[in-house]
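Asker: Predicted model and sequence below, questions to follow.
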Amino acid sequence: MTLLFFGDWFRELSGLEQVFWGMSLIFSVLFVIQFVVSLFGFDFDADVETDLSTADGGIEADFSLLSLRSVIAFFTFFSWTGVLMIKNGASLLAILVGSSFSGLLAFGIVAYLLYLFSKFNQSGTVDMDQALFQKGEVYLTVPGGKEGMGKVQIQLGQNLKELRAITDGDSLPTGSKIRVIEVLEDNLLVVEAFEPLN
C-alpha cells in the first residue's frame, strides 16, 4: 500500500521535481549508509590527492579534493536544496545556482574535514623515531630529486601508517619497496628504493 502511494505521488511530480526528489532519496540513503559504516570503524573511501605547492616548488600539504564522502555530500545537499527551491517556486536558473552553491559548500567542508582527520591520523601519538630504517611501500608516487612529495605506508608499532615522503634518488612509483633513511620535521620522511632479499 505504501509503495502504491509513493508511486502515485512520484508520478504526479513534474519532470524537474522527479529528478531532484530521485537524487535526494538515493543520495540520502547513501549518506546514511556511509555514516553507519563509519560508526563501525570501516572505511570505503577512494581519494584523489592534489598537492598544494609553495612558491619555491616545495609542497606544503596534500588535500583530498575528491572522495566518495565529499561526492555523496555534494549530491545530497545539491538535490535537497533543489527540492526546497522548487517547492518555493524558484526559477530553473536560481535552482541550479542555489543547489550548486549548497552542494559545493558541503563538498568543501567534507573534503576539509577529511584532510584534518588525515593529518591527525598521520601525527598520532607514535614516536616517529621508530620510523627510521623501517621498510615499507609507496602509496602515492614519490617524485625524484626532492622535487615533490608522495606518500608511503610503513608499519609503526601495531599500526600501518600512511606518511608523506620525499626522495633524493629517482622517482618511486606506487608499489615500490622503500626504506626510511631520515625523519624530518612535521613527520616528513626521506626514503630510498629498497629491494628485499628473496
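Answerer: Structure's in. What do you need? Residues are numbered from 1 along each chain as shown.

Asker: got the contact list for Ala165?
Answerer: Contacts here follow CB atoms under 8 Å, 6 or more residues apart in numbering; on that basis Ala165 touches Val138, Val142, Met149, Gly150, Lys151, Val152, Ile178, Val180, Leu188, Leu189, Val190, Val191. Bear in mind the C-beta positions are built from the backbone N, C-alpha and C, glycine included.

Asker: give me that answer again for 10 Å
Answerer: 131, 136, 138-140, 142, 149-154, 172, 178, 180, 184, 187-191 (CB atoms under 10 Å, 6 or more residues apart in numbering).

Asker: Let's see which of these end up in strands.
Answerer: Those of those mapping onto strands are 136, 138-140, 150-154, 178, 180, 189-191, per DSSP state E.

Asker: Please tell me how far Pro173 sits from Val191.
Answerer: 13 Å (CB to CB, to the nearest Å).

Asker: residue ranges of the helices in the chain, please?
Answerer: 2-11, 15-39, 68-87, 92-123 (DSSP state H).

Asker: Between helix 15-39 and the third one, find me the angle.
Answerer: Think helix 68-87. Per axes from the mean of the first three to the mean of the last three CA atoms, to 10 degrees, the angle that helix 68-87 makes with helix 15-39 is 150 degrees.

Asker: same deal with the last one?
Answerer: Computed with the same axes, to 10 degrees, the direction of helix 92-123 lies at 10 degrees from that of helix 15-39.

Asker: which secondary structure elements does helix 92-123 contact?
Answerer: helix 15-39, strand 48-53, strand 59-66, helix 68-87, strand 159-167 (3 or more CB pairs under 10 Å, 6 or more residues apart in numbering; DSSP states H and E).

Asker: Mind listing what's buried along the last one?
Answerer: By that I understand strand 159-167. Residues Lys161, Glu162, Leu163, Arg164, Ala165, Ile166, Thr167 are the ones in strand 159-167 that count as buried (16 or more other CB atoms under 10 Å).

Asker: The last one reaches Lys146, doesn't it?
Answerer: In other words, Thr167. Yes - between Thr167 and Lys146 there is a contact under CB atoms under 10 Å: 7.0 Å.

Asker: Could you pull out the residues contacting both of the two?
Answerer: Contacts common to Thr167 and Lys146, judged by CB under 10 Å, 6+ apart, are Val190.

Asker: Run through this structure and note the low-pLDDT ranges.
Answerer: 1-7, 38-66, 118-127, 196-198 (pLDDT under 70).

Asker: let's see it at 50
Answerer: 1, 44-65, 125 (pLDDT under 50).

Asker: what residues go with each domain of it?
Answerer: Following automatic domain parsing, one finds the domains of the chain at 2-123, 128-193.

Asker: out of those domains, deepest packed?
Answerer: For the domains of the chain, the largest average neighbour count (mean count of other CB atoms under 10 Å) is found in domain 128-193, namely a mean of 17.

Asker: Endpoints of it, how far apart?
Answerer: 20 Å (CA to CA, to the nearest Å).
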